[in-house]
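1. Mind looking at a prediction? Sequence and model below.
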Protein chains: 2
Amino acid sequence: MDMQQQAIRQVIEAADKAISAENFDALMDFYAEDATLVVKPGMEAHGKVQIRKAFEAIAAHFGHHLKVRQGKIEIVHAGDTALVVMESLLDTRVTNGSPHTITRRATYVFRCENGRWLCVVDNSYGTGLLDAAQVPAVGSPDFAMI
Amino acid sequence: MDMQQQAIRQVIEAADKAISAENFDALMDFYAEDATLVVKPGMEAHGKVQIRKAFEAIAAHFGHHLKVRQGKIEIVHAGDTALVVMESLLDTRVTNGSPHTITRRATYVFRCENGRWLCVVDNSYGTGLLDAAQVPAVGSPDFAMI
């Protein structure tokens, strides 16, 4: 793993810690202004305002028990752009309070702006998106479903 | 699918036609100068010279019978960047000459430069990269293996 890849990995680790701590102010520093988050297959959040709102809804959805960890990671780097494929481990609790871990194979796009790697596309569903259909925007009636 | 997504889809269709026709001059027009191609898990080609060489080796590997088609596609668009997840269908022939289709779930990153969408990261293995290990560069002894 080269220096750029190491830098990207550290950004993702810091972002995962911010999600786990529900520190959404810190979390937004890791996103580009024009970033897109795939909230779930079929639903996207565009820009920091919508992305923050989505993370607040996600935290509530998981009963404020969500902790995020990295598994295996591969980074394909090309100039100021990088594709990240990564195992994302979501430690949650089921209804009776027992711990439950969800493993996803995520895909992220990072862009280097003024020497900092920022997340431009955050798609924790990876190629699983192909099993989904349309993508309504945040603000549509479906957004209430998360 | 919006206009930008339609434009990216058309670029991929044209690139797939160029691969199927072994028209590598035309194919290189679809890549950014600093693009990275994942030749196979564990092997990357960087820049147009290496990418072209890799496609020539891939064509030979498939006995010049490779035809590439698109299956389902999802495009996550963020400013001048887009993540594409796509079923890529590779029509090949097995040793006895019978047709054989390989289906991959690919991930691509596109960047818009001067109004044109160019491929920056071409990873036809998608999140399957996580099953692989190290990534030697083209020119290393392993590159002869494709």
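-> Nice, thanks for sending it over. Worth saying up front: this structure is predicted, and the values here are computed from it rather than measured.
2. Kindly report the residues of chain A close to chain B.
-> For chain A, the residues in contact with chain B (C-beta under 8 Å from any C-beta of the partner chain) are A:32, A:34-36, A:38, A:44, A:46, A:71-74, A:76-79, A:81-83, A:85-87, A:105-107, A:109, A:111, A:120-121, A:123, A:126-127, A:129-130, A:132, A:135. C-beta coordinates here come from the backbone N, C-alpha and C atoms, glycine included.
3. Can you turn the buried part of the residues you listed into a PyMOL selection?
-> Filtering the residues of chain A next to chain B down to the buried ones (16 or more other C-beta atoms under 10 Å in any protein chain shown) takes a single PyMOL command:
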select buried, chain A and resi 32+34+35+36+38+44+46+73+74+76+77+78+79+81+82+83+85+86+87+105+106+107+109+111+120+121+123+126+127+129+130+135
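4. in its sheet, what does the top strand by length along chain A sit against?
-> Longest strand of chain A, by residue count under DSSP state E: strand A:99-113. In the sheet, strand A:99-113 lines up against strand A:81-93 (antiparallel), strand A:116-123 (antiparallel) (DSSP bridges).
5. out of those, nearest to residue B:65?
-> Nearest to residue B:65, of all those, is strand A:81-93, at 28.9 Å by C-beta to C-beta.
6. now the closest one: how far from the chain's centre is it?
-> Strand A:81-93 has its average C-alpha position 7 Å from the chain's average C-alpha position, going by C-alpha atoms, centre = their mean, to the nearest Å.
7. Excluding sequence neighbours, find me the nearest residue to residue A:118.
-> residue A:32 (4.2 Å; C-beta to C-beta, 6 or more residues apart in numbering or on different chains).
8. Run the chain-centre distance for the helix or strand where the one you found lies.
-> Using DSSP states H and E, residue A:32 falls within strand A:31-40. Computed by C-alpha atoms, centre = their mean, the chain-centroid distance of strand A:31-40 equals 8 Å.
9. Could you point out the helix or strand that follows the longest helix along chain A?
-> Ranked by residue count, the top helix of chain A under DSSP state H comes out as helix A:3-20. Downstream of helix A:3-20, the first helix or strand assigned by DSSP H and E is helix A:24-28.
10. Report all helices and strands that that following helix contacts.
-> Packing partners of helix A:24-28 (3 or more C-beta pairs under 8 Å, 6 or more residues apart in numbering or on different chains; DSSP states H and E): helix A:3-20, helix A:47-61.
11. Next, format those as CSV and append mean neighbour count and mean pLDDT.
-> Shown next, in CSV, are these (neighbours: other C-beta atoms under 10 Å in any protein chain shown; pLDDT from 0 to 100):
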stretch, mean neighbour count, mean pLDDT
helix A:3-20, 16, 94
helix A:47-61, 17, 96
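12. Residue A:64 contacts residue A:21, correct?
-> No. When contacts are counted by C-beta atoms under 8 Å, residue A:64 is not listed as touching residue A:21 (10.9 Å).
13. Identify the residues contacting the residue nearest in space to the middle of chain A.
-> Nearest residue to the geometric centre of chain A (C-alpha atoms, centre = their mean): residue A:122, 4.7 Å. Under the criterion of C-beta atoms under 8 Å, 6 or more residues apart in numbering or on different chains, the contact partners of residue A:122 comprise A:31, A:35-38, A:51, A:108.
14. How about residue A:26?
-> Residue A:26 sits next to A:14, A:18 when contact means C-beta under 8 Å, 6+ apart.
15. Ok, the one 10 residues further on next?
-> Going by C-beta under 8 Å, 6+ apart, residue A:36 touches A:44-46, A:120-122, B:76-78.
16. now those as TSV including distance to residue B:91?
-> What follows is those, written out as TSV (distance: C-beta to C-beta, whole Å):
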residue	distance to residue B:91
A:44	33
A:45	38
A:46	37
A:120	33
A:121	30
A:122	34
B:76	27
B:77	29
B:78	32
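17. Looking at these, which is nearest residue A:95?
-> residue A:45 (26.6 Å).
18. The closest one reaches residue A:51, doesn't it?
-> Yes. Contact criterion C-beta under 8 Å: residue A:45 and residue A:51 qualify, at 4.7 Å.
19. Now do the shared contacts for those two.
-> Here residue A:45 and residue A:51 have residue A:37 as joint contacts, going by C-beta under 8 Å, 6+ apart.
20. out of everything not next to it in sequence, what's closest to residue A:27?
-> residue A:18 (4.0 Å).
21. what residues are up against the one you found?
-> Listed by C-beta under 8 Å, 6+ apart, the contact set of residue A:18 reads A:24, A:26-27, A:30.
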